[in-house]
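Student: sharing a model that was predicted from the sequence below.
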Amino acid sequence: MLALRVVFRTKSTALLPLPGLSHSINLGYVAIRFFESLPGAMRMSEPSKGTTQAAPPTETSSLDRAPSAKEQAWEKNTLRPTLEKSPERQPEFTTLSGHAIRRLYTRADLTNWDPDRDLGFPGEPPYTRGIHSAMHRSRLWTMRQFAGFGTAEDTNQRFRYLLARGQTGLSTAFDLPTLMGYDSDHPLSEGEVGKCGVAISSLADMEVLFDKIPLANVTTSMTINSPAAIIWAMYLAVAEKQGADWKKISGTLQNDILKEYIAQKEYIYPPEPSMRLVIDTFEFGVKNTPKFNTISISGYHIREAGSTAIQELAFTLRDGMEYVEWGMRRGLDVDQFVPQLSFFFNAHNDFFEEIAKYRAARRIWHKAMVERYKSKNPRSWALRFHTQTAGCSLTAQQPYNNVVRTAIQALAAALGGTQSLHTNSLDEAWALPTEFAATIALRTQQIIAHETGVTNTVDPLGGSYFVETLTNEVERGAWEYIARIDAMGGMVAAIERSYPQREIAEASYRYQMAVDKKEKIIVGVNDFVADEKPLDILQIDETVAHRQAARLKKLRADRSQGEIDRRLHALRDAAQGKGNLMPFIYDAVKSYATLGEICDALRDVFGIYEEVAIT
């Protein structure tokens, strides 16, 4: 399977890989990619960077904004004379997503804002200030660096390297064949084995991947979607072999198929059977793995595909609501399975917009759980989320600038109240990260946590006129999108109409136009360009594929083919019914049926999905 390669050309730079081809978002195998996968923008002003206006601009004001007499006097007596001498740099200022920003925020921007109702206290509804009362004073976020490349042995070595340097959780990247449900020796896997993640074709690979890593003592996140139930079954089998208690192990399975249809495009089956598999994992998790998050509902990939911050928030939370509704239709108790749902957001360059997004997310989820789904359990109300810095903001040009970008993005995640965090490496626009680059990325988190003082108080930006106004506006915009999707009949129906896909495509195009016109500056790409020395990068060659093929050949020779056939036949029969498929998948995994064999058994029953073109 060929990886899509996109390039970015400016008038002043040579042809280089597109900023954003990051291992962190597995873009080597995303099937659809727009000109540049950066957040979309609303309409931008035409003047380029450096344009000044001749007279003080008139700012648009909300109809109910009533500035105080002191604010009006300041504008007349202090601001206007200043602007007459030194005009502002541009006629309009916006967030990265194109949301207009005023020059000054005051109490007048918080009309009808009630701090007790809208801000509250940390650990209490509506959770604007965080889901825990002491937040990072009590416990720092989990430092969970995304890693995976080559064979299981290669990635096991990187896992142990990162844990030895202070990482507090594991996060597993899988290669394209694994993500698409193919074994490493399948013809469609050629050229992709181990390139953008670790190659896992059977339980034997998973056993090597976590060799000498006690799963009872470490939390593990796995970025896998269409074959998520199968990979999770392999993980549980390794945990069982190690003697770990399923009731006590913890971690997160991404398992978010809706965002695959919306953004990342790594789907196998049509939506309905895919959603069935997701709900099967919910049901199985409630009964067997109560501390394991059976889904990570992901806005990250939506943002990487080109959405705005508001679109990322709205589509992600509406995906979450869709999963809740499907779970309830299965007959699951909302307050039993929802506490095992987690979220995953992007941290992009616009510092305050990102912080506002995280605060609004908690408020929206609380309101939805209480008012829509009548939840009585506070654990269902509290939105827990992982954050990853923006792979699409990384540039191939001047790659050491990416260290600065990542640090700012990670700081926004910390101030926004994240529960865990991955920081991207400086070289990921070029290749998988080297150990050197991965260590700097981890050290970035450690410096923020231990040297900056931002963890010393809870929600230090709470009460800021700007932050609270922006939080309100982001929340309002997200609810408007959610209402539109509700009117279409829910997220599955909206996806079938290509609604979120089209919105993201249009936003991505608008942002790219703004970059091309230099209305939005990317340092080192469309301004402040310079000659640079090439990086030393990690190369994955075809020996990985040869080693995997040899391992699979030996595996097939050593196992009982009759037992494999029996268990795969039982899985096909179960898939034709309505029962939970996890026990049948687990049985097949335990017999060393391969990932591709199990996925093929389900393909025989469910078929495969082909996306309708966006027109």
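Tutor: All right, it came through fine. All of these numbers come straight from a predicted model, not from anything done at the bench. Residues are numbered from 1 along each chain as shown.

Student: going forward, measure contacts between C-alpha atoms and count neighbours the same way
Tutor: OK.

Student: next SSE after the helix or strand hosting residue 505?
Tutor: Using DSSP states H and E, residue 505 sits within helix 499-516. Going down the chain from helix 499-516, the next helix or strand is helix 543-558, by DSSP H and E.

Student: how far does that following helix sit from the chain's center?
Tutor: Its chain's average C-alpha position is 33 Å from that of helix 543-558, according to Cα atoms, centre = their mean, to the nearest Å.

Student: kindly report the same for stretch 601-611.
Tutor: Mean-position distance between stretch 601-611 and its chain equals 26 Å (Cα atoms, centre = their mean).

Student: can you give me the strands for this structure?
Tutor: Along the chain, counting by DSSP state E, strands occupy 7-8, 16-17, 142-147, 169-173, 220-223, 251-253, 292-293, 295-298, 341-347, 385-389, 420-422.

Student: which of the ones you listed is buried the deepest?
Tutor: Of the strands of the chain, the one with the most neighbours on average (mean count of other Cα atoms under 10 Å) is strand 295-298, at a mean of 28.

Student: pLDDT at the closest residue to residue 403 other than its chain neighbours, what is it?
Tutor: In space, residue 403 comes closest to residue 426 once its chain neighbours are excluded; the distance is 5.6 Å by Cα to Cα, 6 or more residues apart in numbering. Looking at residue 426, its pLDDT is 97.

Student: how about residue 426, what does it touch?
Tutor: For residue 426, the contact set (Cα atoms under 8 Å, 6 or more residues apart in numbering) comprises 394, 399-403, 433, 437, 441.

Student: could you flag which of those residues are buried?
Tutor: Among those, those buried by neighbour count (16 or more other Cα atoms under 10 Å) are 394, 399-400, 402-403, 433, 437, 441.

Student: re earlier: with mean pLDDT added, can I get the strands of the chain in CSV?
Tutor: Listed next are these as CSV, based on pLDDT from 0 to 100:
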stretch, mean pLDDT
strand 7-8, 30
strand 16-17, 30
strand 142-147, 89
strand 169-173, 92
strand 220-223, 95
strand 251-253, 96
strand 292-293, 97
strand 295-298, 98
strand 341-347, 97
strand 385-389, 97
strand 420-422, 95
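
Student: so for residue 310, which of those strands sits nearest?
Tutor: Among the strands of the chain, the nearest to residue 310 by Cα to Cα is strand 341-347 (11.7 Å).

Student: how about the closest one as PDB, C-alpha atoms only?
Tutor: Taking C-alpha atoms only, strand 341-347 is exported to PDB below (Å, rounded to 0.1, in the frame of the first residue of the first chain):
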ATOM      1  CA  LEU A 341     -15.000   6.600  27.900                       C
ATOM      2  CA  SER A 342     -12.100   9.000  27.500                       C
ATOM      3  CA  PHE A 343     -11.200  11.800  25.000                       C
ATOM      4  CA  PHE A 344      -8.200  12.800  22.900                       C
ATOM      5  CA  PHE A 345      -7.600  16.400  21.800                       C
ATOM      6  CA  ASN A 346      -5.100  18.300  19.700                       C
ATOM      7  CA  ALA A 347      -2.900  21.100  21.200                       C
END
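
Student: tell me what it is packed against?
Tutor: strand 295-298, helix 300-304, strand 385-389, helix 401-415 (3 or more Cα pairs under 8 Å, 6 or more residues apart in numbering; DSSP states H and E).

Student: ok so, going back, quick one: which of the buried ones among the contacts of residue 426 is nearest residue 486?
Tutor: Distances from residue 486 to the buried ones among the contacts of residue 426, taken by Cα to Cα, are shortest for residue 394, at 34.7 Å.

Student: does the closest one touch residue 431 like I think?
Tutor: No. Judged on Cα atoms under 8 Å, residue 394 makes no contact with residue 431 at a distance of 11.5 Å.

Student: quick one: end-to-end length of stretch 259-279, please.
Tutor: Stretch 259-279 has an end-to-end distance of 15 Å (criterion: Cα to Cα, to the nearest Å).

Student: what about that stretch, distance to the chain center?
Tutor: In terms of Cα atoms, centre = their mean, the centre of stretch 259-279 is found 16 Å from the chain centre.

Student: just to revisit the earlier point, how about the helices and strands packed on strand 341-347, which one is nearest residue 86?
Tutor: helix 401-415 (29.2 Å).

Student: could I have the CA atoms of the closest one written out in PDB?
Tutor: Taking C-alpha atoms only, helix 401-415 is exported to PDB below (Å, rounded to 0.1, in the frame of the first residue of the first chain):
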ATOM      1  CA  ASN A 401      11.600  25.500  15.500                       C
ATOM      2  CA  ASN A 402       9.400  22.500  16.200                       C
ATOM      3  CA  VAL A 403      10.800  22.300  19.800                       C
ATOM      4  CA  VAL A 404       9.500  25.800  20.500                       C
ATOM      5  CA  ARG A 405       6.100  25.000  18.900                       C
ATOM      6  CA  THR A 406       5.800  21.800  20.900                       C
ATOM      7  CA  ALA A 407       6.700  23.500  24.200                       C
ATOM      8  CA  ILE A 408       4.000  26.200  23.700                       C
ATOM      9  CA  GLN A 409       1.400  23.600  22.700                       C
ATOM     10  CA  ALA A 410       2.200  21.400  25.700                       C
ATOM     11  CA  LEU A 411       2.000  24.400  28.100                       C
ATOM     12  CA  ALA A 412      -1.500  25.100  26.800                       C
ATOM     13  CA  ALA A 413      -2.500  21.500  27.500                       C
ATOM     14  CA  ALA A 414      -1.100  21.700  31.000                       C
ATOM     15  CA  LEU A 415      -3.000  24.900  31.700                       C
END
